[in-house]
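# Give me coordinates for this.
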Amino acid sequence: MTNKRFWQIAGQLIAVFLAAVLITILSNNLSRNLQQLGIQFGFDFLEQQASFDIGEKIISYTPIDTYSRALWVGLINSLRVAIVGIFLTTIVGLTAGIARLSDNWLVRNMTSIYVELFRNTPLLLQLLFWYFAVFLTFPKVENKISLWGLVYLSQNGMEFPGVSFSPEFSSLLLGLTFYTGAFIAEIVRGGIQSVDKGQWEAAQSLGLKSSLAMRLVIIPQALRVIIPPLTSQYLNLTKNSSLAIAIGYPDIYFVASTTFNQTGRAVEVMLLIILTYLTLSLTISVIMNLLNRTVQIKER
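Reported below is the predicted structural model:
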């Protein structure tokens with residue numbers, strides 16, 4: 001056991017050493033190539049005036065602000081999509097996953113059509129569909145469509161009491177929600193089916209209705225199977241939000257691309273994008289891993 005432990009630690013140290021050597025070699029090559037091109041590496045450009053506007057923003061921003069401010073605006077826009085998208089896609093996926101197991105023939109088959117259609121169609125195509133074939137075909141704001149007096153639809157996007165979403169944000173949000181929700185639906189369905197049938201029978205013997213049995217008995221046990229692949233779908237949704245550039249929503253990737261085009265600082269901008277998505281992904285992973293620990297069976 002001692003020798004086995006030694007070689008495990010030694011193998012990890014060797015892997016770290018080789019990774020450090022590789023990073024050093026790549027860094028030296030990058031530095032040498034930039035010097036040959038007469039380009040200095042640095043992030044001083046972030047404090048220069050951006051000189052471009054951003055159509056949609058939550059915090060204050062004008063073209064006279066710096067590139068760093070512009071990137072913050074883009075990051076907040078990305079977080080806005082990711083957070084709202086994760087919330088909505090969880091609801092859609094959970095509902096569709098349960099509906100896939102419904103005894104109602106119509107509900108079960110309509111949900112199956114939704115899952116197969118959205119899972120097997122490219123996300124980019126879906127985003128373009130939501131933007132050009134849905135929101136841009138809605139009537140103008142003076143003739144907006146009212147849904148139960150709670151939601152209003154027009155070419156300006158979606159409006160709710162107290163809040164409104166642009167057509168770009170709405171298209172991106174709905175596209176990511178229904179696309180990712182289709183994958184989550186299959187994860188939920190598989191998780192529910194992994195629960196032993198005896199649990200259903202035990203719940204029924206206690207007189208619990210199907211809805212209560214699902215909520216109190218089946219879903220809590222299925223979470224142990226659902227959460228790990230669910231984490232991957234949350235990560236996919238966050239990274240797929242970079243497709244916002246196709247419909248003009250100014251997320252972090254959109255703003256960074258404009259910054260690169262104006263400054264020519266390709267390496268620095270790409271590093272910022274990589275670090276941004278890496279940080280977001282690691283944050284989601286940590287949160288989901290903590291959640292996963294809470295639902296696991298504790299061994300005594």
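
# how near is Phe118 to Ile252?
Separation of Phe118 from Ile252 (Cβ to Cβ, to the nearest Å) stands at 25 Å. Quick note: C-beta positions are derived from backbone N, CA and C, even for glycine.

# Among those two, which residue is more densely surrounded?
More crowded of Phe118 and Ile252, by other Cβ atoms under 10 Å: Ile252, with 25 against 21.

# confidence score at the spatially closest residue to that one that is not a sequence neighbour?
Leaving aside its sequence neighbours, Ile252 sits nearest to Gly74 (Cβ to Cβ, 6 or more residues apart in numbering; 4.0 Å). pLDDT for Gly74: 93.

# Tell me how far Gly74 lies from Thr62.
Applying Cβ to Cβ to Gly74 and Thr62 gives a distance of 15 Å.

# Over to Leu147?
In this view, Leu147 and Thr62 are 35 Å apart by Cβ to Cβ.

# How about Gly11?
Note on Gly11: its distance to Thr62, by Cβ to Cβ, is 54 Å.

# Also Val84?
To Thr62, Val84 is 26 Å away according to Cβ to Cβ.

# Check Leu290 too.
Separation of Leu290 from Thr62 (Cβ to Cβ): 40 Å.

# Check which helices and strands the helix or strand harbouring Ser170 is in contact with.
Using DSSP states H and E, Ser170 falls within helix 167-194. Of the remaining helices and strands, those touching helix 167-194 by 3 or more Cβ pairs under 8 Å, 6 or more residues apart in numbering; DSSP states H and E are helix 67-99, helix 105-119, helix 123-128, strand 157-160, helix 219-240.

# Recalculate using a threshold of 10 Å.
Using 3 or more Cβ pairs under 10 Å, 6 or more residues apart in numbering; DSSP states H and E, the elements in contact with helix 167-194 are helix 67-99, helix 105-119, helix 123-128, strand 151-154, strand 157-160, strand 163-165, helix 219-240.

# burial count for Ala203?
18.

# wait, it sits on Pro220?
No: taking contacts as Cβ atoms under 10 Å, Ala203 lies outside contact range of Pro220: 11.5 Å.

# Residues that sit against both of the two, list them.
Met214 (Cβ atoms under 10 Å, 6 or more residues apart in numbering).

# Now do the longest helix along the chain: which elements does it pack against?
Looking across the chain with DSSP state H, the single longest helix is helix 2-36. Helix 2-36 sits against helix 266-295, with contacts defined as 3+ Cβ pairs under 10 Å, 6+ apart.

# tell me which residues in the helix it packs on are buried?
The neighbour-count check on helix 266-295 (16 or more other Cβ atoms under 10 Å) flags 268-269, 272-273, 276-277, 280-281, 284, 288, 292 as buried.

# Now the two most distant members of the residues you listed.
The span of these, defined through Cβ to Cβ, is set by Glu268 and Asn292 at 35.9 Å.

# contacting residues around stretch 261-278?
Stretch 261-278 is contacted by residues 30, 33-34, 39-46, 48, 50-52, 67-68, 71, 74-75, 78, 235, 238-239, 241-242, 252-253, 255-260 when judged by Cβ under 10 Å, 6+ apart.

# Now restrict the residues you listed to buried residues only.
Buried subset of the contacts of stretch 261-278 (neighbour count, 16+ other Cβ under 10 Å): 45-46, 50, 67, 71, 74-75, 78, 235, 238, 241-242, 252-253, 255-260.

# what about the stretch 201-300 of the chain, any weak spots by pLDDT?
Residues of the stretch 201-300 of the chain meeting the criterion pLDDT under 70: 297-300.

# which regions of the stretch 1-150 of the chain sit below the pLDDT cut-off?
Scanning the stretch 1-150 of the chain for pLDDT under 70 picks out 1-2, 30-31, 33-39, 41.

# rerun that using 80 as the cut-off
Across the stretch 1-150 of the chain, the ranges flagged by pLDDT under 80 are 1-11, 23, 26-42, 141, 146, 148-149.

# would you list the helices and strands packed on helix 167-194 in CSV and tack on distance to Ile247?
Below are the helices and strands packed on helix 167-194 laid out as CSV (distance: least, Cβ to Cβ, whole Å):
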stretch, distance to Ile247
helix 67-99, 12
helix 105-119, 17
helix 123-128, 6
strand 151-154, 17
strand 157-160, 12
strand 163-165, 13
helix 219-240, 13
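
# Among these, single out whichever gets nearest to Ser211.
Closest of the helices and strands packed on helix 167-194 to Ser211 is helix 67-99, at 9.5 Å (criterion: Cβ to Cβ).
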